[in-house]
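In: Give me the fold of what follows.
(one chain, ligands or ions: 1)
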Amino acid sequence: MSAQARSITSLIKRQGFKQILTLCKRYRILYLSVLALQLGGTGAALLLAEFSRRIFDKGTLLSHHELTRLIIGIVIMVILAMLFSLGARICNQIVNTNIVFSMRQMVLNQLTSLSLKYHEGKHSAHTQNILFNELEIVKQFIVFDILRLISLPFSFIAIGIYLFTVNPLLGVIAVLVGPLQLLSNLVLKSSFKELIASQQANGGEVFFHMNETLSGIREVKMNQLEGSVHSRFERVCREGIRLWVSIEKMEALREFVRLIPEKIGYILGISVGAYLMVDGQIGSGAIIAFLTLLDRVSEPFISMTSIISSLQRVSAGADNLLSVMEMEPEPTTRGHVLSEGPCSIRFENVSFSYQDDRPILRDVSFEIPAGKSVALVGPSGSGKSTLIKLLYRFYEPDGGSITLNGKRIEDYTVSSIREQLSAVTQDVYLFDGSIRENIEIGYADAKLEDVAKAAKLSQSTFIERMPEGLETKVGERGIKLSHGQRQRIGIARAILRRASILILDEPTSALDVETEAMFQYDLPQWAGNSTKIIIAHRLSTIRDVDYVIFLEHGRVQEIGSPKDLLMANGRFSDFWKSQQIHEFVS
Ligand SMILES: Nc1ncnc2c1ncn2[C@@H]1O[C@H](COP(=O)(O)OP(=O)(O)OP(=O)(O)O)[C@@H](O)[C@H]1O
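Out: Numbers count the residues shown, from 1 in each chain. Predicted coordinates:
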């Protein structure tokens, strides 16, 4: 088996490919309509050839009446063929549009169902490349090539039989052109697959550069990086052009080689037909019918070559897309439901690493009784956020256990755990919508008065001064708001959620001292009996917590009340003093 055939066979067997093919079933009526219209077109072409053959075969023996009938028949067949082709084209476009959207939806659903581990390991441009470039390649195959694959054998058989009945020799010549075209194409050994794979990778890089430049446009301008960004981009584009030209050259060569058997068939048909005509074995009409249908009878094989190259494109250029489709989604609904209400948390000898050789959490043990507040403190990189990721079940611990209300975290459904967790971080992510929509996120049934109350409790007084109040649009990622305003919306979000476990990761870092004090003052009122985990870098935010867990190099070094730990003059106290000095100096 050739390498080409092997790669196509393995593509057809791929689960991701089969999954995408199931979309064709959803639009089977449209597919069948295209098929019927294409077959109608073949029927019209056959009748057109037959009417033409009769006119030229009978020639002077035809009466005016018969001639008029045949000419009317030709006109009708020409019109029908045009209408069938128009109908097929429209249906094809409807299939095309539906398939594109369904595929995007299918792939996006799959991407959002994958774990954070997957997404943290990939650049966002990689995902965009999958959603746009790779998806386009697969779409090309399942919209256009599959249809041709189904309809063309029928027209090959119908036209072949017809030409045989007209004259067996002309029939053989016409029928042989197609297979010869296919053969000539297969003989063309090429590095097509590698070129396509490189072109796809290059497309991804182009996406990556554009994405990174535009996302970091502020830094680009502030550091005057325009020149280096442009020249890097130019290099990538030049490589893209080189690959594109190579592929186009190869395609042109294929087309040239493909045309050779067709031209030979044409010359052979005319010559043999002419001899047969001179010998009186056929009329000139048979030659006309042969020439009219020669293209159509070889079309399935021409299409077969383009289908093969399309399959090669899919197998070389859509590997990431198919791999994504084959990945196991995060299991979110298996297990017990973590119910609302106070929740205790226990970590017991938990260890974790992102990469095998680099432990991040080592033997971490602590307990937070339901409703208590705890500060997680430690130097940058000590593993505080990682600990929270484990609580969200974005990652699974390598050893030890985490329990919520006395039950292992793995025994709960992921969705119910996440429902009972609410986090306010330093960098609140806002979606491109109104302030109200951003506060309501994850809580679709919220009443307007509850949203307004949450906004008030979060000290978001700025909303009243906005032209459209809660309906004011925040722009992409909340660009139209200040850092502090974004943080306050994040706090309002958490207030509205009323989750059992509240995670506050420096949520007031961008607030002024007065607002921060008010937030601290109001916290017990709205956080109620939620269990609170505060990731803190400033003493002011943890003064009132029940106790502190001091983490260093992924290990719990000290646990105790803030006062006791400060008095003990241990690692926490040292860390805190050095932080104060650092803050004062800077
Ligand atoms: N997705 C990831 N893949 C690999 N390593 C990671 C990943 N996320 C974090 N790390 C590494 O894990 C270590 C702990 O990171 P973590 O974010 O938990 O620290 P932190 O205590 O929250 O730090 P900070 O106070 O600066 O936010 C760091 O060394 C970091 O480089």
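
In: where are the low-confidence patches of the chain?
Out: Along the chain, the model assigns pLDDT under 70 to residues 1-7, 185-193, 444, 507-521, 540, 580-586.

In: elements contacting the lengthiest helix in it?
Out: Longest helix in the chain by number of residues (criterion: DSSP state H): helix 226-278. Contacts defined by 3 or more C-beta pairs under 8 Å, 6 or more residues apart in numbering; DSSP states H and E place helix 226-278 against helix 168-187, helix 192-215, helix 284-317. Just so you know, the C-beta spots here come from the backbone N, C-alpha and C atoms, and that holds for glycine as well.

In: starting at the chain centroid, how far to that helix?
Out: Centroid separation for helix 226-278 versus its chain: 31 Å, with C-alpha atoms, centre = their mean, to the nearest Å.

In: cool, and stretch 556-568?
Out: Distance, centroid of stretch 556-568 to centroid of chain: 48 Å (C-alpha atoms, centre = their mean).

In: tell me how far the ends of that stretch are from each other?
Out: Using C-alpha to C-alpha, to the nearest Å, the end-to-end distance of stretch 556-568 comes out at 16 Å.

In: is that stretch up against the ligand anywhere?
Out: No: between stretch 556-568 and the ligand, judged by C-beta under 6 Å from any ligand atom, nothing touches; the nearest distance is 12.7 Å.

In: how about the residue nearest to E226 when sequence neighbours are not counted, secondary structure?
Out: Counting by C-beta to C-beta, 6 or more residues apart in numbering, E226 lies nearest to V220, which is 6.3 Å off, once chain neighbours are set aside. For V220, the assignment made with DSSP: H, G, I helix; E, B strand; the rest coil gives helix.

In: With I402 instead?
Out: When classified by three-state DSSP, I402 comes out as strand.

In: can you pull the contacts of it?
Out: 345-348, 350, 390-391, 408-409 (C-beta atoms under 8 Å, 6 or more residues apart in numbering).

In: Same question for G178.
Out: Applying C-beta under 8 Å, 6+ apart to G178 gives the contacts 156, 297-302.

In: Then L30?
Out: 91, 94-95, 98.

In: out of these, who has the most neighbours?
Out: The most neighbours of any of those, using other C-beta atoms under 10 Å, belong to V95, which has 24 neighbours.

In: so how far is M106 from that residue?
Out: 15 Å (C-beta to C-beta, to the nearest Å).

In: likewise I157?
Out: According to C-beta to C-beta, I157 and M106 sit 35 Å apart.

In: The two - which one has more neighbours?
Out: The neighbour count for I157 versus M106, taken as other C-beta under 10 Å, is higher for M106 (17 against 14).

In: Which secondary structure element is home to the more buried one?
Out: Element membership of M106 [criterion: DSSP states H and E] is helix 64-113.

In: Look up phi and psi at V556.
Out: Per-residue torsions, V556: phi -80, psi 120 (degrees, to the nearest 10).

In: Now do the contacts for it.
Out: V556 neighbours (C-beta under 8 Å, 6+ apart): 364-366, 549-550.

In: Most widely separated two among those?
Out: For the contacts of V556, the maximum inter-member distance is 13.4 Å, found between S365 and F550 (C-beta to C-beta).

In: more neighbours, those two?
Out: F550 (24 against 15).

In: Quick check: neighbours of the strand or helix carrying that one in the sheet, parallel or antiparallel?
Out: F550 is located in strand 547-552, with elements delineated by DSSP H and E. Here strand 547-552 has these sheet partners by DSSP bridges: strand 373-377 (parallel), strand 555-560 (antiparallel).

In: How far away from the center of its chain is the longest one?
Out: This means strand 555-560. Computed by C-alpha atoms, centre = their mean, the separation of strand 555-560 from the middle of its chain amounts to 43 Å.

In: got the buried residues for the helix or strand following it?
Out: Following strand 555-560 in sequence order, the next helix or strand is helix 562-568 (DSSP H and E). Buried residues in helix 562-568, defined by neighbour count with 16 or more other C-beta atoms under 10 Å: 562, 565-566.

In: Against which helices or strands is helix 562-568 packed?
Out: Judged by 3+ C-beta pairs under 8 Å, 6+ apart, helix 562-568 is in contact with strand 547-552, strand 555-560, helix 571-585.

In: redo that, cut-off 7 Å
Out: With contacts taken as 3 or more C-beta pairs under 7 Å, 6 or more residues apart in numbering; DSSP states H and E, helix 562-568 sits against strand 547-552, helix 571-585.

In: Name the surrounding residues that touch that helix.
Out: By C-beta atoms under 7 Å, 6 or more residues apart in numbering, the residues outside helix 562-568 that reach it are 542-543, 545, 548, 550, 558, 572-573, 576.

In: that older thread, now do the longest helix of the chain against helix 284-317, angle only.
Out: 150 degrees (axes from the mean of the first three to the mean of the last three C-alpha atoms, to 10 degrees).
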